[in-house]
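> Quick one: sequence and predicted model below, then my questions.
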Amino acid sequence: MDIARAPDSETGETSEAPTPPALTASPAPAPPPALGRKVRSAAQWSLINTVVMRLGTFATGIVLARFALGPAEWGVYGVAQTVLLVLLSANELGVGLAIVRWEGDARRFAPTVLTLSTLSSGLLYVALFAAAPTLAGLLGSPDAAGVLRVMCLCVVIDGIAQVPGNFLTREFAQGKRMAIDALNFVVGTSLTLLLAFEGWGAMSFAVGAVAGNVVTLIGCWLAAPGTLTYGWNPEQARALLRFGLPLAGASMLALAVVNVDTMVVGATLGNVSLGFYVLAFNISGWPVRIISEAARRVSFAGFSRLAESPQALAQGFSRALGVLITGTVPLCVLLGGLAEPVIQLIYGSRWTPAAAALPWLMALGLIRIGAELAYDCLIAVGQRRSLFLVQGLWLVALIPALLAASHLNGIVGVSQAHVLVAGGLVVPVFLLALRRGGIGVGRIARACAWPFLGGAVMAAVVLGLEPRFGDSRLALLAVGTLAMAAYTVCVLPSRDFLRGVDRPRRGRRRSSVPVPSARQDMR
């Protein structure tokens, strides 16, 4: 079973840290017409890739939860995965994404990037190997030490794969990436299933993850030949570190925000409660992984190309947000409103305690999708300092809230605290940061208004019909179908906006002079 990669800490240059002469390229030209076609093609491949891989992961998780592993094993796996994701957020010091962001011939500085990335990843793994028993004990899972040591080998493998992988991202080569990810999934999942049914427990996840990441490294190397070459240029290294270290810090904060709840639940409530929480959190992440992950594989590269045109960037961000929210809201409403019957149907009755936390985590998942897109946009326009402050504020407010909530109301309290901090504090701060980057609240409201209205209507349909229809498979299908029909009717007025078509307003005379459609989206 494959391990979800940490969200890319997408990057951007700012006036505060100019690129030295050795890495300076000519100013970026205006985005060519072919850029739109590249982005659309890459987005389509990325969406297909993500949907196929996540459906496969979903099916694998069902098999493991029903027939091979219990809540305690899932708890150990959750601890190991959390540590891995946090390390992956900064294992290459943020320098790898200079290949995506900087103009010019990236092969000139790629050898220095590879050297820095390999060294930092290796040192991180050595530190983790030594600290694994202590770290596992602090997180309430002493049995996770061995799993940590094996699973976190992915840190080193990923550090090496960053350079060829980011060349594929730079070129929008998502078709090739889909083939690589498919091989990763087949190899990693097959090994995980084999070992799980042989009684390896949580260690089966670790071995499968390492095998899958080795396949990814080999695949990226073959798809981007000539990129795994080591070299060293001190001037380039200094420029890359100035570029990457703030981004690595922001990325680590972002991963800490997403994963600190696992640490809190494991330390305060134990492995069994952690297993239920990890299952609920993974379910809540389905929309994030299927929709948001597909978008993020192309969003940073696309935003970076539009960064020189604030109006084009604002228009592109608002439409991207509208598409993501429109596609995500119905999944969140259905999974949140039908949490208990869905979990019983898919995973079995022993996992029912996870259902109480799921509605709150679905709300968190929706917030995460918007936050991740804003994250990519803010870095593309050089708002690294604002982003670092937002993530730091989020983490500082979240830790005490989670600790208090876990003692008051278990995993449900943890879920509620997550939503309270994210919705009440972080969303307004993100809106302020986006406004400073040239994207006003009006655009964001336009992108979200119809989906949110549709979600409210859909929730009313689900909550009103589910008690009357019951929780049989046929009843769930009927409720879901009627709710989706209601949602579709509600979001129809936004179809032109989502397609990028701006119709002239009624009563307004057409001008004989063509007017760019972007002007019609201005606040």
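Yep, that arrived.
> so what's residue 463 closest to, chain neighbours aside?
residue 337 (6.0 Å; CB to CB, 6 or more residues apart in numbering). The C-beta positions use only the backbone N, C-alpha and C, and glycine is treated the same way.
> neighbours around that neighbour, how many?
23 (other CB atoms under 10 Å).
> in this structure, what secondary structure element scores lowest on mean pLDDT?
helix 293-306 (a mean of 64; mean pLDDT, DSSP states H and E).
> For the stretch 201-350 of the chain, just list every one of the strands.
With strands called from DSSP state E, counting those that start in this stretch, the stretch 201-350 of the chain shows none.
> on that earlier part again, and the residue nearest to residue 463, what pLDDT?
Here the pLDDT value assigned to residue 337 is 93.
> So that it lines up with my notes, have the first residue be 35 from now on.
Yes, from this point I'll number from 35; that puts the last item at residue 371.
> Could you point out the helix or strand that follows the longest helix along the chain?
Using DSSP state H, we find that the single longest helix of the chain is helix 418-455. Remark: after helix 418-455, the chain's next helix or strand is helix 461-470, criterion DSSP states H and E.
> Buried residues in that next one, which are they?
For helix 461-470, burial by neighbour count (16 or more other CB atoms under 10 Å) applies to 464, 465, 467, 468.
> now do stretch 94-107
Buried residues in stretch 94-107, counting neighbours by 16+ other CB under 10 Å, are found at 94, 95, 98, 99, 102, 103, 105, 106, 107.
> what do you get for stretch 343-351?
The neighbour-count check on stretch 343-351 (16+ other CB under 10 Å) flags 346, 347, 348, 349, 350, 351 as buried.
> Among those, pick out the one closest to residue 513, please.
Here the nearest of those to residue 513, counting by CB to CB, is residue 351; it sits at 34.3 Å.
> Tell me who's in contact with the closest one.
337, 407, 411, 468, 473, 477 (CB atoms under 8 Å, 6 or more residues apart in numbering).
> Looking at the residues you listed, point me to the pair that's furthest apart.
Within the contacts of residue 351, two members stand farthest from each other by CB to CB: 337 and 477, at 14.4 Å.
> Could you find the closest non-adjacent residue to residue 231?
Nearest to residue 231 is residue 102, by CB to CB, 6+ apart, at 5.6 Å.
> Any chance of the backbone angles for the one you found?
The phi/psi pair for residue 102 (degrees, to the nearest 10) reads phi -130, psi -40.
> separation between residue 140 and residue 238?
38 Å (CB to CB, to the nearest Å).
> Would you mind telling me which of these two has the busier surroundings?
Counted by other CB under 10 Å, residue 140 and residue 238 do not tie: residue 238 has more neighbours, with 25 against 21.
> Make sure residue 125 is actually in contact with residue 192.
Yes: using CB atoms under 8 Å, residue 125 is in contact with residue 192, at 6.2 Å.
> what is in contact with these two at once?
With CB under 8 Å, 6+ apart as the test, residue 125 and residue 192 both reach residue 155.
> which of those two has more neighbours?
When residue 125 and residue 192 are compared for neighbours, residue 125 comes out ahead with 30 against 24, by other CB under 10 Å.
> and the more buried one, which of the three is it?
Under DSSP: H, G, I helix; E, B strand; the rest coil, the three-state class of residue 125 is coil.
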